[in-house]
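Engineer: From the sequence below, what's the structure:
(2 chains)
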Amino acid sequence: MQKPSDERLVAYLDGELAESERAEIALWLERDEALRERAAQLTESAALLRSALDEVLREPVPERLIAAARGETTGTVVDLAAVRATRTARRFGDRRWWIGMAAAASIFGIMVGSGIGYFVANEPTAPDQAAAAGWLDNAAVYHNLYVNAGADDDHLGFDVAAGQKLPQNFRVPNLKPWGLDFQGVRYLIIEGRPATQLFYTTDNKALGPLTVVVAKTSKPDVAPTMERHGDVNLLYWRHHGTAYALVGTANYGYLWNIHNDIAYQLDAI
Amino acid sequence: MSVPVSDQLIAVLPRLRRFARGLTGSAADADDLVQAACERALTRAHQFQEGTRFDSWMFRIVQTIWIDQLRSRDTRREEVEEQGMHVGTDEPARRIEARLALQEVRTALRELPPEQRTALLLVTVDGLSYKEAAEVAEVPVGTIMSRLARARIALQAKLAAGGGLRRSASDAKAE
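Structural biologist: Alright, predicted model coming up:
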């Protein structure tokens, strides 16, 4: 009886051998300590491999894939370089439009967001829901504004850039562990109340730039809620008179984990 | 009445993403690959044979597109991404160890030849039988058997050399 080959040992571990062969290899394993050790290491490395990839199963599936499965997308995304080049070109091509939106948003404040929120909803919504949609649309607009026009644009300068002195008691969440670099702050008026938008960028293309909006609110607490607004994802929640929103193209898994981090840092749980 | 292809696709998306992530080594590329596979599946839904395994059919589409991509473009950049796996400085040492072990596994997987990677992902990760994996890869069962053995031995050797196997599997589960 020959010592089992690697192929047969692996097939044994995978339960792919006939009963007679299984018995033969089991006998070898009983007698040969080195073979037993090899089998144990093969089993352990397979378990590690499964662990390394199983986290993907726990991630939320991106909406674009669900849309693709439903046949709601057109074209095939294969050449990533071409797609990114197009996105870059579009970014600069749309700049004028976004500057216009910035000016409108500055002048009309929440009216811009509320209008979008109201008309996007096809069915009548409760006042609270409509208001929520309004300020979230506004947050999404401002996020896109910076991503598309760029923070260096003269019209869109930060009120306080990273490195400059921030008001006392102003806490900027540290998102460095996520690879997110704080760029600056812009003060807004949302729903007639002061709000702050914090802008972060990253080289992590799976995460993308992120804005965090913190606003005063008179509305009751609300649990973290995920929403899709246009081409960005939002996660918002309200806690003790403050409303928070994370806006970006990151998937919900990222947003959820970053929300946990921010909620902990800002004592907003 | 048969289940619509779209519904079957949505149900199998998490597994397709895992398979694609293992093939490409990148979250963004994997999702692009799955998206392309969904689009192809919908345009060729008439080719799916009722009574056969839908997941195997989708794995084959994902694998075919990936191989086409490998042939048509340089995929060396696939190693740029291990996103979402940043090690926070204030993480407990045990979790960092676990992350390092899993990172090492992903790196070892990327270093395997494409055909071995495919066999490993189909059988060891997704639990397909050798026969099912052979059908997906469109090769004889014996070929899958030898590719898988080479892949398992190579993976085990890489992890042993890098210390990954010294980090316990229970630590890895702390992830």
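Engineer: Determine whether the claim that A:Ala245 is in a strand is correct.
Structural biologist: Yes: according to DSSP: H, G, I helix; E, B strand; the rest coil, A:Ala245 belongs to a strand.
Engineer: Contact partners for it?
Structural biologist: For A:Ala245, the contact set (Cβ atoms under 8 Å, 6 or more residues apart in numbering or on different chains) comprises A:135-136, A:139, A:212-213, A:215, A:234-236. Backbone N, C-alpha and C define where each C-beta goes, glycine included.
Engineer: Reformat those residues as TSV; add pLDDT, secondary structure and neighbour count.
Structural biologist: Below are the contacts of A:Ala245 laid out as TSV (pLDDT from 0 to 100; DSSP: H, G, I helix; E, B strand; the rest coil; neighbours: other Cβ atoms under 10 Å in any protein chain shown):
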residue	pLDDT	secondary structure	neighbour count
A:Trp135	69	helix	25
A:Leu136	75	helix	25
A:Ala139	74	helix	28
A:Val212	92	strand	26
A:Val213	88	strand	25
A:Ala215	83	strand	23
A:Leu234	88	strand	23
A:Leu235	88	strand	22
A:Tyr236	87	strand	23
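Engineer: how far away is A:Ala139 from chain B?
Structural biologist: A:Ala139 is 23 Å from chain B, where distance means Cβ to the nearest Cβ, to the nearest Å.
Engineer: Now that B:Ile153 has come up, it's in contact with A:Asp6, right?
Structural biologist: Yes: if you go by Cβ atoms under 8 Å, B:Ile153 and A:Asp6 touch, sitting 5.3 Å apart.
Engineer: who's more crowded, those two?
Structural biologist: Set B:Ile153 next to A:Asp6 and count neighbours by other Cβ atoms under 10 Å in any protein chain shown: B:Ile153 wins out with 19 against 16.
Engineer: Mind listing what's buried along the helix or strand harbouring the more buried one?
Structural biologist: Per DSSP states H and E: B:Ile153 is located in helix B:141-162. Within helix B:141-162, the residues scored as buried using 16 or more other Cβ atoms under 10 Å in any protein chain shown are B:143-156, B:158-159, B:162.
Engineer: Repeat that for stretch B:45-58.
Structural biologist: The neighbour-count check on stretch B:45-58 (16+ other Cβ under 10 Å) flags B:48, B:54-58 as buried.
Engineer: and what of stretch A:223-243?
Structural biologist: For stretch A:223-243, by 16+ other Cβ under 10 Å, it's A:224, A:226-227, A:229, A:232-239, A:243.
Engineer: How about stretch A:195-215?
Structural biologist: A:195-202, A:204, A:206-215.
Engineer: which of the buried residues of stretch A:223-243 come close to chain B?
Structural biologist: Counting by Cβ under 8 Å from any Cβ of the partner chain, nothing from the buried residues of stretch A:223-243 sits close to chain B.
Engineer: On the three-state scheme, A:Asn233 is what?
Structural biologist: Under three-state DSSP, the three-state class of A:Asn233 is strand.
Engineer: separation between it and chain B?
Structural biologist: 14 Å.
Engineer: what pairs with that residue across the strands?
Structural biologist: Counting by DSSP bridges, A:Asn233 is bridged to A:Arg228, A:Gly248.
Engineer: Find me the pLDDT at A:Ile25, would you?
Structural biologist: You'll see A:Ile25 listed with a pLDDT of 93.
Engineer: doesn't it fall inside a helix?
Structural biologist: Yes: assessed with three-state DSSP, A:Ile25 lies in a helix.
Engineer: is the helix or strand containing A:Glu21 anywhere near chain B?
Structural biologist: If you go by DSSP H and E, A:Glu21 is part of helix A:19-31. No: Helix A:19-31 lies out of reach of chain B by Cβ under 8 Å from any Cβ, never closer than 12.5 Å.
Engineer: who does the helix or strand just after that helix touch, helix- and strand-wise?
Structural biologist: On the C-terminal side of helix A:19-31, the nearest following helix or strand under DSSP H and E is helix A:33-58. Packing partners of helix A:33-58 (3 or more Cβ pairs under 8 Å, 6 or more residues apart in numbering or on different chains; DSSP states H and E): helix A:6-13, helix A:19-31, helix B:5-24, helix B:93-110, helix B:141-162, helix B:169-173.
Engineer: Please identify the most buried of those.
Structural biologist: Burial of the helices and strands packed on helix A:33-58 is given as mean neighbour count (mean count of other Cβ atoms under 10 Å in any protein chain shown); helix B:5-24 ranks first at a mean of 22.
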